[in-house]
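Novice: no sequence on this one, just coordinates:
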Ligand code: IPE
Ligand code: IPE
Ligand code: MG
């Protein structure tokens, strides 16, 4: 059965006629993406080095994963390191990679036991070889879990992901395996690294910044956006609940007049 959300199917008991309840769609999945921003400013406000902000950011991520499971989120994509973050000082990049290593070592086994499926999206090229090995192992060890999906965007950039998809499509067309007329938004989405997850429902960015910074450009086509002023290291249950409450009050129309019509497949 697909993980994507579907409209509620109403069957008239007298006539047997089938129709879709556009007012109360059955939400089977809830996919939330988070741009975890503000670690550096959090540390600065405390007169600490930026690395301390990243360290506190890892604790916030652990709290938020637990909160997300409790609050009914089924899929969560977190932006851990962007293709543009290589522009940071080498020492900060090394510290971020070190924190990721430590997180996998200390928490992978617990996440596996708790039923979390861990997936990584982004480019392997450029990452330290041991990190590539560790994230592949994290996926391998948790791939049969289905209680909660944690997708970590690591060395990820949406433009690079879209270019990769275009290159693969062009190669298939050139080989005669794909007819250009068959390229649709649905099939294109299938070439992106995020294709295994259901459509994105809500995108959260912390720290008061109002931009996408090259995150999920395609996938966010019909996502709701919630920007929160809180710095990422202070995130957890309450701020996530507040974001989900705002999301619940939004009227998602997907281009139609009434809410609840079929969602796009990307
Ligand atoms: C987000 O916090 C963490 C990463 C980008 C890895 P920042 O490090 O961007 O924190 P600010 O934006 O400088 O406060
Ligand atoms: C986006 O945050 C990337 C991550 C959260 C990993 P940045 O802090 O790098 O984004 P900009 O530079 O402010 O756009
Ligand atoms: Mg930032």
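Specialist: Sure, I can see it. Since the model is a prediction, treat every value here as computed from it, not as a measurement. Ligands and ions are numbered 1, 2, ... in the order given.

Novice: now the stretch 151-266 of the chain, which segments are flagged as low pLDDT?
Specialist: Residues of the stretch 151-266 of the chain meeting the criterion pLDDT under 70: 260-266.

Novice: residue of it with the smallest distance to ligand 2?
Specialist: The nearest approach of the stretch 151-266 of the chain to ligand 2 comes at residue 213, 3.6 Å away (C-beta to the nearest ligand atom). Yep, even glycine has a C-beta here, placed from its N, CA and C like the rest.

Novice: and that residue, which of the three is it?
Specialist: Put simply, residue 213 is coil when judged by DSSP: H, G, I helix; E, B strand; the rest coil.

Novice: and it, how many neighbours?
Specialist: Using other C-beta atoms under 10 Å, residue 213 has 14 neighbouring residues.

Novice: Contacts only, for the spatially most central residue of the chain.
Specialist: A centroid search over the chain (C-alpha atoms, centre = their mean) returns residue 77, at 2.0 Å, as the residue closest to the centre. With C-beta atoms under 8 Å, 6 or more residues apart in numbering as the criterion, the residues that contact residue 77 are 31-34, 121, 151-153, 194, 197, 200, 216.

Novice: Could you rerun that using 6 Å?
Specialist: Going by C-beta atoms under 6 Å, 6 or more residues apart in numbering, residue 77 touches 33, 151.

Novice: you'd agree it is in a strand?
Specialist: Yes. The assignment for residue 77, made by three-state DSSP, places it in a strand.

Novice: Near ligand 2, which residues of the chain? Just list them.
Specialist: Within the chain, the residues that sit near ligand 2 (C-beta under 6 Å from any ligand atom) are 35-37, 79-82, 85, 209, 211, 213.

Novice: For burial, what's the neighbour tally of the nearest residue to residue 214 once chain neighbours are set aside?
Specialist: Here the nearest residue to residue 214 in space, its sequence neighbours aside, is residue 157; by C-beta to C-beta, 6 or more residues apart in numbering that works out to 4.7 Å. Applying the criterion other C-beta under 10 Å, we find 19 residues in the vicinity of residue 157.

Novice: Repeat that for residue 127.
Specialist: Neighbours around residue 127, by other C-beta under 10 Å: 19.

Novice: Skipping adjacent residues, who's closest to it in space?
Specialist: Nearest residue to residue 127, sequence neighbours excluded (C-beta to C-beta, 6+ apart): residue 155, at 5.3 Å.

Novice: give the contact list for the one you found.
Specialist: 81, 122-123, 126-127.

Novice: picking that back up, would you format the residues of the chain next to ligand 2 as a markdown table with distance to residue 166 included?
Specialist: As requested, the residues of the chain next to ligand 2 are exported to a markdown table (distance: C-beta to C-beta, whole Å):
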| residue | distance to residue 166 |
| --- | --- |
| 35 | 24 |
| 36 | 28 |
| 37 | 28 |
| 79 | 22 |
| 80 | 25 |
| 81 | 23 |
| 82 | 20 |
| 85 | 23 |
| 209 | 28 |
| 211 | 24 |
| 213 | 21 |
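
Novice: which one of the residues you listed sits closest to residue 91?
Specialist: Using C-beta to C-beta, the shortest approach to residue 91 within the residues of the chain next to ligand 2 belongs to residue 85, at 13.2 Å.

Novice: Count residues in the vicinity of that closest one, would you?
Specialist: Burial of residue 85, expressed as a neighbour count using other C-beta under 10 Å, amounts to 17.

Novice: Give me the phi and psi for it.
Specialist: phi -70, psi -10 (degrees, to the nearest 10).

Novice: let's have the chain start at 78 instead
Specialist: That works, and once the first residue is 78, the last one we named lands at residue 162.

Novice: What score does it have for pLDDT?
Specialist: Taken from the predicted model, the pLDDT recorded for residue 162 is 98.
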